[in-house]
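K.L.:
Can you look at this prediction? I've put the sequence above it.
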Amino acid sequence: MLKFEDFKPITLNDIEIIKKHQKNYPPVHSDNSFTNMFCWNDYAAYRYLITEDSLIITSTIEGEHSVRGPFGPEDTDLFLKTVNLAAEIGGEYAYQIFDTKTKEKFSRIFPDVTINTDRDFFDYIYKTSDLKDLPGKKYLTIRKHLNKFRNKCRYTIESITEENLYEVEDFLVRWCEWKECSKTKVFGYEMEAAVSSVKNFVKLGLSGLIIRVNDNISAISIFEELNHDTAIVHFEKGLPDCQGNYKGINNETAKMLSERYEFINRESDLGLSGLRDAKMRYHPCGFAEVYYVKADGLKKVIDL
């Protein structure tokens, strides 16, 4: 039997053990990357347990627990223990499912339990070549905006390094003031996560790009490898100082990643309609889907 008390809060000291495990069992969804769990920890209070060569993760948002996993070798006994823990401690999102294989297994073992789709947290997956080349009619409008940016804004591109991290942090403060983060809860949490990624940029093994306009940072991206063929862009931000800078940083990031990764994961839209429209305009080739099962559904089939 698994107990919540056996799970350890995720800290920066756990990066080696979790990343070592994920080399053998790489994540496909951004929410299971170490960087996301660490940077969003103040919001979701992630914990983990490695047992039987499998990784099991819990999160706690506003006092409500969720459980996901096990991520590792096929182990039905551990799977059942994990689902049992979800039924025992979980709430609305008691058991979260991040891959088709687990979804199929859950349906096979618990055919009478409803699996809910969590569209707001589907990660958007793009072909890197599409974001780099913007080919064909479907990208015509984006190409026009990008060309306008290139023609009107005198800009330079540079990598994020230890030397300019303080400028990136200052940029994020200005971005949050512009977006009025204090008025929108999700922007406030995102700001905290972005600043955490900058403060721990080197230790997390992150990479990033800067667009400067008139020597000031106008847009940034922060990214890393998610798995062997996919890079993940954790943060992509721009100020309204030069129209088209979002398209500029998106395109420059894709150019940088194109030689190494076939796909780019640009995370979810968090259910924000404007962000969903913006992500759909880039024509994703797929999604990293997310599902969840409520505790009430689990308790009907599991004898606690």
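P.N.:
That came in fine, so what should we check first? Residues are numbered from 1 along each chain as shown.
K.L.:
Name the surrounding residues that touch the strand or helix carrying residue 101.
P.N.:
Following DSSP states H and E, one finds residue 101 within helix 100-109. Contacts to helix 100-109, defined as Cβ atoms under 8 Å, 6 or more residues apart in numbering, come from residues 76, 79, 80, 83, 95, 97, 113, 115, 289, 291, 293. Bear in mind the C-beta positions are built from the backbone N, C-alpha and C, glycine included.
K.L.:
likewise stretch 146-165?
P.N.:
134, 168, 198, 201-202, 206-214, 218, 220, 222, 242-245, 247-248, 251-252.
K.L.:
Can you tell me which of these are buried?
P.N.:
Among the contacts of stretch 146-165, those classed as buried by 16 or more other Cβ atoms under 10 Å are 134, 168, 198, 201, 206-213, 218, 220, 222, 242, 244-245, 247-248, 251-252.
K.L.:
Just the pLDDT at the closest residue to residue 143 other than its chain neighbours, thanks.
P.N.:
Closest residue to residue 143 apart from its sequence neighbours, by Cβ to Cβ, 6 or more residues apart in numbering: residue 134 at 5.0 Å. For residue 134, the pLDDT comes out at 98.
K.L.:
And residue 134, how far from residue 18?
P.N.:
Distance, residue 134 to residue 18, by Cβ to Cβ, to the nearest Å: 36 Å.
K.L.:
Contact partners for residue 261?
P.N.:
Residue 261 neighbours (Cβ under 8 Å, 6+ apart): 128, 225, 229, 230, 231.
K.L.:
ok, and what's touching stretch 30-45?
P.N.:
Here stretch 30-45 has contacts from 9-12, 14-15, 18-19, 22, 27, 46, 48, 57, 59-61, 68, 71, 98, 121, 123, 189, 192-194, 196-197, 200, 204, 206, 224, 226, 232, 234, 265, 267-268, 288, 290, using Cβ under 8 Å, 6+ apart.
K.L.:
And the strands in the stretch 201-304 of the chain, which stretches?
P.N.:
207-213, 216-227, 230-238, 263-265, 286-288, 291-293 (DSSP state E, counting those that start in this stretch).
K.L.:
Adjacent strands (with direction) for the first one?
P.N.:
In the sheet containing strand 207-213, the strands it pairs with under DSSP bridges are strand 155-159 (antiparallel), strand 216-227 (antiparallel).
K.L.:
same thing with the third one?
P.N.:
According to DSSP bridges, the neighbouring strands of strand 230-238, each with its direction, are strand 216-227 (antiparallel), strand 263-265 (parallel).
K.L.:
Pick the most buried one from those strands.
P.N.:
Of all these, strand 263-265 carries the top mean neighbour count, a mean of 26, counting by mean count of other Cβ atoms under 10 Å.
K.L.:
what is the mean pLDDT for it?
P.N.:
Mean predicted confidence for strand 263-265 is 98.
K.L.:
Please apply the same query to stretch 272-287.
P.N.:
The average pLDDT within stretch 272-287 is 95.
K.L.:
what comes into contact with it?
P.N.:
Contacts for stretch 272-287 (Cβ under 8 Å, 6+ apart): 122-127, 130-131, 138-139, 141-142, 186, 250, 263, 266, 269.
K.L.:
among those, which are in helices?
P.N.:
130, 131, 141, 142, 186, 250 (DSSP state H).
K.L.:
Neighbour-wise, which one of the residues you listed leads?
P.N.:
Highest neighbour count within these: residue 250, with 25 neighbours (other Cβ atoms under 10 Å).
K.L.:
I'm done for today, thanks for sticking with me.
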